[in-house]
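>>> Structure of the sequence below:
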Amino acid sequence: MAWNISAGAIRNPIPPILLILALLFAGLTAFFRLPINQLPNIQPPVFMVSVAQPGAAPAEMETQIAQRVEAALTGVQGVRRVTTSISPGVSTTSVELQIGADITRAVEDARDAMTRIRVDLPPDITEPVIQRIDFASQPIAYYALEAPGMSEVERSWFIDNDLSRELLAVPGVSQVTRQGGVDREIRIELDPERLTAYGLELTTPSGASVHLSDLGTVIDSSTDLDSVSRYNGQPVVSFSVQRSKNASEVRVFDAVEARLREIEGQHPGVHFRLFFTPVEFIRGMYESSLSSLLEGALLACAVVFLALRNWRATLIAAAAIPLSIIPTFAALEIFGFTINMMTLIAMALVAGVLVDDAIVEIENIVRHIRMGRKPYDASMEAADEIGLAVLATSASIIAVFLPVGLMNSQTGQWFKEFGITVAVATFFSLVVARLITPMMAAHFLKDKGHEEPRSDMMEIYRGALSFAIRRPWSTLGIGMATFVVSIGLVFFVQMTFIPRFDNGIIQETVEVPPGTPLVEADRVMRDIAQRATTVPEVQNTYSFLNSVDGAATQGTLFIILSDRHERSRSSYAVQQALRPVLAVPNYRVTAVNDQGGAQGSDITVQFVGQDPAAVNAAATRLVAAARELPQLADVHSSSALQRPELQIRPRPEDEARLGVTAANLAAAVRIATSGDIEQNLARYDLPDRQIPIRVLLRPDARADLEAIRALPVQSSRGPPVRLDAVADVGFGLGEVAIERRDRERSVTVGANVVQGDIGAATAAMMSLPEAREPGNGVRLATSGSSEQMQDMFSSFGTALLWGILLIYCVLVLLFRDFFHPFTILTALPLSIGGAFGALLVANQPLSLFVLIGLIMLMGIVTKNSILLVDFAVEQIHKGMDRNAALMEAGMKRARPILMTTFAMCAGMLPSALGWSVDGTLRQGMGVAVIGGLLVATLLSLVFVPAMFVLIDRFERWFRGLLPKGDRETQPEATPAE
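Sure, this is the predicted structure:
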C-alpha cells in the first residue's frame, strides 16, 4: 500500500536520503534562478487594434473607422467582448476572448480581417497596429533626465538614441519609452497669401518651379509640444523602462541602475533621477514573505516542542518545512512560474500545513515510544498505523487546491500559480512525512518509555465526547445552531476585491476642461502638485500632461510618499487627506486605485445602448444621484464632454461641380493645419538619422479662420479652388471622447469608496432608481473592478464545489466506503462561523485572499476529521464496539489534532498581524484561517463523533434494505444505542 512505504525507508534509509538531497539541490538551484516579479506571468486573452487618423474628430472616426473595425473583429473565433475607445485622432479597439481561446490564432485572424477592410477605411490613416496585452509591459522604473547643458531637443534625442541603445543591451530590458520632450524636425511654414498669389499647392499650373523660401519660412525646429512632464514642479524629459516577459523585475532593475550609473560617469553633466519604481515594493514583499515563512515555521516548531517536550522530536518535525518548501522551487521552474505575489502568499499560507503531516507522524511515534516500545519498533508500527490518515489528509489539501489552480475564468488565471504551488508543496510534505520523518525518528529518537498522565483538560474532553456519542441528536442541534449563526455573520462582514495596500505611491488623474490651452493647463497642474506637497507625508511629485492640437486633454499626478516606517498614516489615509487639498475649480481630480493589476475606480459600471443621447443622459442622472451617497467620492462619468473644434462640412454638390474629391479636401486641410501624416513626410538625411520635413501653414495663419477658408484645394477641372467654395468652415463643439461596448455606445461611471466597504457601497449605488431604471433602450452592465468582484465570487464558488466533490472522491477511494466520507465533510460548515467572526473582530473585509484562506481552511478541517474517523474505523474493523472506538479515537487523536491546529495558527500568525509591506493582502487571510480553524477544531472534536454515530446508524439501516447477497461481508459493530 502507498501508505506503508515508511517501513521500507526505515529499513533502508539510503534511497530516501539520496532522493531528498537531490530534491534539495534541484530546489536551491532553481531558487536562485527564478525571476522575482510582482505578478504572475499570465497572458490575458486580450488584444488591441489601434488606428490613428491625425486631426480627425471622435465622431468622424466612430462612423468611418471604429464601426467597421468592430464589425470585422466580431467574426474572429472565440470573441467574448469588443470595446472601443475613441479620442481625437486615435481609435483603439480591445478584443477580449473566451477563456481557453487560441489568442495567437485570433491575432492572425484579426490581421487578415484588417487587411480585408483596409480599402474601406480612410486613405489617410496610419497602418493599423495589432498588439497583444502583456502585464510584463508595465514599466519597472520611471526616471527623469537632468542635463542642464542640453536643450530639450538634445535631451530627447539623447534618450531616444544613446540611452535606449545602452539600456536595450541590458539583459531583460525590452523597451525604453520617453515621456515629454520634443523631436527635431524641419518645418516649412507657408504663407497663405503667397500661396494664393502663386495659385499653388506646391507646383505651378505651368510646371515652373518656385523656391520654398518664396512661399514661407524654412526652419530647423522641433515638433509642437504635445506633453509636459514635471518633477517637483520643474520641467523634465523623463523615460520609463520595461522588462521582457520572462525576465526578473528585481534583477533587471538592479542591472539598469548599475548601467545608468556607468552612463553618468561617461557623460559628465548628465544625471538620472529615479522618481518611481514598483521594484522596491516587490523586493520588500519578497523579503517580508520569506521572513514570515521563517517566523511561522519557528512558531509552529515552538508549538511542537511545548506539546511533546522533546527537542529531538521537534527537530524532526521542523525539518519537514525546508524539506518541503525547497523542492517546491524546482517545480515552480519546471512549470515556468516565478517568485511573485501569488506564489509567495501560497508559501506563507502553506507554512503551517507543511509541518502538519510530520507532526501527526512524530506524535504517533512518540506516543508509541512512551508506551514502552523502542524508537525503531515504534516508528515501524506507528508509521504504518497512521499511513492512511496522512495520505488522506494530504490528498484532501491537494484535491482542494487543484481546482483553484485550474479555475476557468479571468480571475482564475491569477490563481493558477497559487493553487499549483500549494498542491506541489503539500505533495512534497507528504513525501517527507512518509519517507523522511519515520526514518529520522527511528534512528534519531531516544527511549522515553513512560506514559504521560492525563491532564484535566483531557478529562473534560472525555466527558464532552461521551455526551456527544450518547446524545448525537443534541450535539447535531448545537452544530446546526452554530452554522446558522455563522451564516448570519456573513452579512456583517465587509467585502472588497483586493485589499488596499501601501506601496508608497498615490496616483491622481486630472481632467482638464475641454479646449484649455496646454500652457494654461500646465500652470494649474503645477499648482495642484504644489498643493500636494503641503501634506507632511508627501516627499516628491511627478506630473504628466497630454494635449491634442495644442489643447490639454488629461493630466496624471504621481505623489510619492515618504517611507512607510517614517509616517503614521497609510497611503490610503493620505489619499483621503489630499482630496480637499487638490480640489480646483473646473478641474476634476480623481484618485486611481490599484485593483489586482488593473488601475481604476473602486466601483465601475457602464451604461450601454444604441442611442448616444439616451446613454449619456442615463450616466448623467446616475452620477448626480451617486454624489449624494456619503459612501462615495470622485463620482464621475466618461459621458462625452464638448470641446471647441474646427468643423469642415463638405457640400457634395459643389465638390462635384468643381471637381474636388473628399480626399483632396481632407489632404489640403490636414497638411495646412498639422502637416501630413508621419509615414508620408519627406526626410532630410543626416549621418546618424533622418529628420522629418513637415509642411504646414505658419502659426498665425493656422489660428485665422479666414486663412483656413481661403486654403487652395486641388481640382481635377482646373486651378485650385478655395476651401469655402466646396465646404462650410466654422467653429463648433464636438465630443472629447467616445466609448463603445459590443458595437453599441457606452458610458462608464466610476466612484471611489470613502466610507464602509466596496460591497456595501456598490449595493447602495446599484439600488438607486437611476441605476435600476436607466431608461428605454439603455442597460446597465458591470465592468472593471466591479465585474472582477462578481467573477471572483462565481469562480471561487465553483472551485469550492469542485474541491468538496474531489475530497469526497478521494476519501471514498481511500476508505472504500461511501458513507464515512460524509462524516468527515460535515465538519466543514463549522469553520465558517469562526472565520467570519474573526474577520469582524479584526475589522478585515472579505476579499480575494480571504476566499483563498477559506479554501485552505476547508482542507485543514477535513484533515482533523480524517484523523478521528480513520482511527475509529480501524478500531471497528479490529472488532471494537463503535462507541468505544469513538472514545478511543477522540482520546488518542485529540493531541495531534490540537498540535496541528495550534501549529497552523502559529504559522499563520505573521500573516494575520500584517506587519510586512504587503501585510494588508495577507492579513484577512491569516485572520480568517486562524479564527475558523480554532472554532472548527474545538467543535469537530465532539461534532464529528456524533455525526459518525448518526451516519453509522443510517448506513446499517440502508444496508438492511439491500438483498442479503449485496451486503458487504465485514465486521459490523453492534453497540448499545
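>>> Is it correct that Thr553 is in contact with Gly89?
No - if you go by Cβ atoms under 8 Å, Thr553 and Gly89 don't touch, sitting 10.8 Å apart. The way it works is simple: take the backbone N, C-alpha and C, and place the C-beta from them, glycine included.
>>> Pick out whichever of the two has more residues nearby.
Remark: of Thr553 and Gly89, Thr553 carries more neighbours, 22 against 19, as counted by other Cβ atoms under 10 Å.
>>> quick one: what helix or strand has that one in it?
strand 551-561 (DSSP states H and E).
>>> Is Ser394 in contact with Phe428, as I believe?
No - the pair Ser394 / Phe428 is not scored as a contact, 9.8 Å apart, by Cβ under 8 Å.
>>> of those two, who's got more company?
Higher neighbour count among Ser394 and Phe428: Ser394, with 26 against 23, using other Cβ under 10 Å.
>>> That one: what's it in contact with?
Ser394 makes contact with 357, 426-427, 429-430, 433 under the criterion Cβ atoms under 8 Å, 6 or more residues apart in numbering.
>>> go on, Leu260?
143, 167, 272.
>>> Quick check: bridge partners of the first one?
Under DSSP bridges, the beta-bridge partners of Tyr143 are Phe239, Leu274.
>>> what residue ranges in the stretch 1-150 of the chain score low on pLDDT?
Along the stretch 1-150 of the chain, the parts satisfying pLDDT under 70 run over 1-4, 135-137.
>>> ok, which stretches of it are strands?
46-52, 79-87, 90-97, 129-132, 141-146 (DSSP state E, counting those that start in this stretch).
>>> of those strands, which approaches Trp802 most closely?
strand 79-87 (22.4 Å; Cβ to Cβ).
>>> Just give the strands next to the closest one in its sheet, each with its orientation.
By DSSP bridges, strand 79-87 pairs with strand 90-97 (antiparallel), strand 738-741 (antiparallel).
>>> tilt between the first one and strand 46-52?
The one in question is strand 90-97. 160 degrees (axes from the mean of the first three to the mean of the last three Cα atoms, to 10 degrees).
>>> Could you export strand 90-97 as CSV, CA atoms only?
The C-alpha trace of strand 90-97 is given here as CSV (Å, rounded to 0.1, in the frame of the first residue of the first chain):
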residue,chain,number,x,y,z
VAL,A,90,-6.9,57.7,-32.3
SER,A,91,-9.4,54.7,-32.2
THR,A,92,-8.4,51.8,-30.1
THR,A,93,-10.5,48.6,-30.2
SER,A,94,-9.9,46.0,-27.5
VAL,A,95,-11.0,42.4,-28.1
GLU,A,96,-11.4,40.0,-25.2
LEU,A,97,-11.6,36.3,-26.0
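>>> From the chain's centroid, how far away is stretch 924-935?
Relative to the chain's own centre, stretch 924-935 is displaced by 24 Å; criterion: Cα atoms, centre = their mean, to the nearest Å.
>>> Name the residues that touch it?
With Cβ under 8 Å, 6+ apart as the test, stretch 924-935 has contacts from 345, 349, 499, 830-839, 841-842, 844-847, 849-850, 852-854, 856-857, 860-861, 901, 904-905, 908-914.
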